[in-house]
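> Coordinates only, no sequence provided:
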């Protein structure tokens, strides 16, 4: 789903050309901070202008009087343009995923991006269920074991049916196999393109439940759950472990911004960075003796409480009570039960220093006020002794979109030799904070779950900006602070955390053993930290270029002639402009690698002074860099051969039209049956493919099989599926271009419920007899290997029968 | 059964050859064959399970109703019907089932209650409005060998069983001009397998399976009479 920006590009191009200053012998500053501050003061007025402009466009956009646009937030870029994000509303209610972005110049000129505007909404009346009922449904599903820190927030919205969620899977703790997560799978089919819905935003953060921030979309008419979004964005690593950690990365820090409190003690509270308070702190009460107040801005470093055995106490504390303003001992963390003491403070120093560096990077290089452009303060939580067990325990970190907080595990090394050290090193911190750039609020969060290319994009962008922060931080003392030096550091993440072994490699991501270097259809099934591979590599190529020597680490068979990079500074400016102005996450997960490529091209074509002379070269460099990662076509090159699975089904219960969910390009098929896979090869006269069982996503990071690589590929290209229920995958590779392949995946369901060794419609009879009983009456097992039979079985059966023998 | 048929045909051929051996029969006039343009279906006799022609049939599309014996109450039925390759099974567009563009090879006549009779939120247990897209056990396909397999079943045992002596579902057989049939050609139709779900599945016990349910919860084999189909 490539995005197009023809109107905006041409209009912006004209504006920027007319407004460009003549070239000077000495490059002028990238922006004048004083002027920028002056223009930022006009943001409120420009938001109003943007709203008036969008309102006037309603007829042209196919909208009616019931629809409106409401500004959500804005920032002013170094070129003086205010970028305003506006939410689409219908009868005053937010349209889920509906938004527009407007660029407003100093003269009041407005250009709008409207591809996310939703048309054809024809709702009337009110939802049949109440907001409280929707809240009860969400809470019942969430089923918190501990106390919810805050009450769920409910908002009535208009929900586009195309964004209904999909199947969820989980790892069976007994077998280690990935199985259907029935509880979190969505089986709902709104009866219209748009329905009234309630968005219920929940949050739990306690020892029993861990940290969860789940947003539910509840159908306002049926009460069914339409979608569940997880707003916690994680740094996932491949070594689950438990143990202790160290916090010595920054060594001696000469200047550490802290606060002197009213009681004469010091805290790790940096009041020089951050102009808006952190939203998470609103859950805490002010402390009169020290003067700490949640309403005050400034970045802060907290720690998670633990007892002497390393178990979580469920408490969180600001690093405080320090009487000397000297912090940490630079030693590995060992003092469980005293995380706020001198030893634990070392992780706090690491985090505080890294946050300051990252904050200053965005401010100095891009003129950005913090991560969200609004100056919202960051809170870091270090020495997390628990983390969520399903995200590798201690050895992890995450960004919380709702709360603008980052959490870092204490690390399990050396108790666990395969674990990590403290997760508060600069590149991990910069990675997590970059999520705050690319997902500035819950409404524009990139969906970071497997099954979405957006997830890989979010992780890759964080890796890329982490690399840029590291490079900028190590600049020479005399180097300008508003540029990123051309220094070539190893393009990798987490070498220190991994005590010598990086977590990920940007130049050739497959070096980690899990990531892929080039795009293929189906890559979104990978964990986002590994589906990020092609984007990581494309951005590396954009900066550093690609070799034409086969066998070298920076050679790509997708771009055998190689390419010249644009360097760190320009690459970062292109990517920054792309993700803040042209690539707007809208919480739908709909954005693809191709969309990021289009956004980067648009950004390159609109780079401001003094980069405008290089626009054509830079845009072509973007095309080539992405082509080298098999995303789009190279500059001036013919269309690349593509292998694509085509939908096998038509109007099934398990939606095939959903373009990005876990089951997209997948189908439900019978076990032990011969089926004919459907795949197309485009841009090549030779459409022949070679079929193989399994594919790149067959195993996940922990070597857990995510799909079955089984059955038999027959001579006629048909596939006799294995006699095993679950996901199964097959791969089609172009015979003309073996670099091009696609992995298709199907859920294999048992249709032979009457055990007569034949799959036919009569097998529906046992389903009817067993439906919604506590124990199955199936003579064999149920359709999807669950101990009871319900509508999922009905849907799977009907879909599988139709997809295998479509009636023409 | 197939082997017996083959053997019988072979014997007939052998007898025919023996009778005519060595003689020169006089030439007989053969009536010129007339290309067919449609189908004619004659209902079967009897009052048991049967496929009878529906009034909505056209000269090129025979719509057949599945009708059961009077007095028998059922909860659904399904069958596999094999036809010569010279005809094709037709489809029905039904807005009450998923909006597929190619239609379904079976049509619901509205006798059976296919949807959830008491929809509840799975987590709270509270009543919720019926989902108009509630998945239903109505499906069919045409398998290799022109074998139609269709079924229609009430998934919710809380719904009452229905009198079978009425059209329970429909299928369609369509004339295929490319098959080059001649008038009066016979098109073989045969039911390969058929079952219904009986009324008595054991007393409902609030969703908990009982021994009675286990004992009675089986589909029942049945024989469906099929009429004759000719080209015309």
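Nice, I can see it. It should be emphasised that the depicted structure is a prediction, and the values quoted were computed from it without experimental measurement.

> would you list every one of the helices in chain B?
Counting by DSSP state H, the segments of chain B that form helices are B:2-20, B:211-216.

> Which of those helices has the lowest mean pLDDT?
Note on the helices of chain B: helix B:2-20 shows the lowest mean pLDDT, a mean of 36.

> Could you pull up the residues touching residue 75?
You didn't say which chain, so I picked chain A. A:40, A:43, A:82-83, A:368-369, A:373-374, A:580 (CB atoms under 8 Å, 6 or more residues apart in numbering or on different chains). (C-beta placed from N, C-alpha, C; glycine too.)

> wrong chain, I was asking about chain B
Residue B:75 is in contact with A:768, B:112, B:153-154, B:157, B:159, B:161-162, B:196-199, B:201, counting by CB under 8 Å, 6+ apart.

> Mind doing that once more with 7 Å?
Going by CB atoms under 7 Å, 6 or more residues apart in numbering or on different chains, residue B:75 touches A:768, B:153-154, B:161, B:197, B:199.

> chain center to stretch A:583-601: distance?
Distance, stretch centre to chain centre, for stretch A:583-601: 11 Å (CA atoms, centre = their mean, to the nearest Å).

> Please point out which parts of that stretch sit buried.
Under the neighbour-count criterion of 16 or more other CB atoms under 10 Å in any protein chain shown, stretch A:583-601 has A:583-601 buried.

> The stretch 151-300 of chain A against chain B: which residues are in contact?
Contact residues (CB under 7 Å from any CB of the partner chain) of the stretch 151-300 of chain A with chain B: A:189, A:191, A:221-224.

> one more time with 8 Å, if that's ok
Within the stretch 151-300 of chain A, the residues that sit near chain B (CB under 8 Å from any CB of the partner chain) are A:187-191, A:221-224.

> what's near enough to touch the residue nearest to residue A:91 when sequence neighbours are not counted?
Excluding the flanking residues, the one nearest residue A:91 by CB to CB, 6 or more residues apart in numbering or on different chains is residue A:66, at 5.1 Å. Contact analysis of residue A:66 by CB under 8 Å, 6+ apart lists A:90-91, A:121.

> with the contacts of residue A:75 in mind, which one is nearest to chain B?
residue A:374 (36.8 Å; CB to the nearest CB).

> Give me the helices and strands touching the helix or strand containing residue A:89, please.
Assessed by DSSP states H and E, residue A:89 sits inside strand A:82-90. For strand A:82-90, the packing partners by 3 or more CB pairs under 8 Å, 6 or more residues apart in numbering or on different chains; DSSP states H and E come out as helix A:43-56, strand A:67-76, strand A:93-104.

> State the mean pLDDT of the second one.
The predicted model gives strand A:67-76 an average pLDDT of 90.

> Then stretch B:200-207?
pLDDT averaged over stretch B:200-207 gives 82.

> coming back round to it: of the residues of the stretch 151-300 of chain A next to chain B - the most surrounded one?
residue A:223 (28 neighbours; other CB atoms under 10 Å in any protein chain shown).

> Contact partners for it?
Taking CB under 8 Å, 6+ apart, one finds A:129, A:133-134, A:137, B:121, B:126, B:128-129 in contact with residue A:223.

> cool, residue A:149 as well?
Shown in contact with residue A:149 (CB under 8 Å, 6+ apart): A:203-206, A:283.

> Let me have the residues you listed in CSV, extended by secondary structure and neighbour count.
Below are these laid out as CSV (DSSP: H, G, I helix; E, B strand; the rest coil; neighbours: other CB atoms under 10 Å in any protein chain shown):
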residue, secondary structure, neighbour count
A:203, coil, 25
A:204, strand, 21
A:205, strand, 22
A:206, strand, 17
A:283, helix, 13
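
> With distance to residue A:270 and pLDDT as extra columns, can I get these in TSV?
Below are these laid out as TSV (distance: CB to CB, whole Å; pLDDT from 0 to 100):
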residue	distance to residue A:270	pLDDT
A:203	25	84
A:204	29	80
A:205	23	73
A:206	28	68
A:283	20	88
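
> I'd like to know which of the residues you listed is nearest to chain B.
Out of the contacts of residue A:149, the member with the shortest distance to chain B (by CB to the nearest CB) is residue A:204, at 16.1 Å.

> my guess is residue B:91 meets residue B:172, correct?
Yes. Counting by CB atoms under 8 Å, residue B:91 does reach residue B:172; the two are 7.1 Å apart.

> between the two, what contacts are shared?
Overlap of the contact sets of residue B:91 and residue B:172 (by CB under 8 Å, 6+ apart) consists of residue B:105.

> How about the contacts made by the residue most central in space within chain A?
Nearest to the mean C-alpha position of chain A, by CA atoms, centre = their mean, lies residue A:448 at 2.9 Å. Residue A:448 makes contact with A:230, A:233-234, A:435, A:439, A:454-455, A:458-459, A:528, according to CB under 8 Å, 6+ apart.

> measure it to residue A:185 for me?
19 Å (CB to CB, to the nearest Å).

> same check, this time on residue B:89
Here the distance between residue B:89 and residue A:185 works out to 33 Å (CB to CB).

> Report the two of the residues of the stretch 151-300 of chain A next to chain B separated the most.
Farthest-apart pair in these is A:187 and A:221; separation 15.7 Å (CB to CB).

> Go through the contacts of residue A:448 and flag which are in helices.
A:435, A:454-455, A:458-459, A:528.

> May I see these organised as TSV, with distance to residue A:497, pLDDT and neighbour count added?
TSV is the format used below for these (distance: CB to CB, whole Å; pLDDT from 0 to 100; neighbours: other CB atoms under 10 Å in any protein chain shown):
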residue	distance to residue A:497	pLDDT	neighbour count
A:435	17	95	28
A:454	25	90	31
A:455	21	90	25
A:458	19	94	29
A:459	16	95	32
A:528	18	90	25
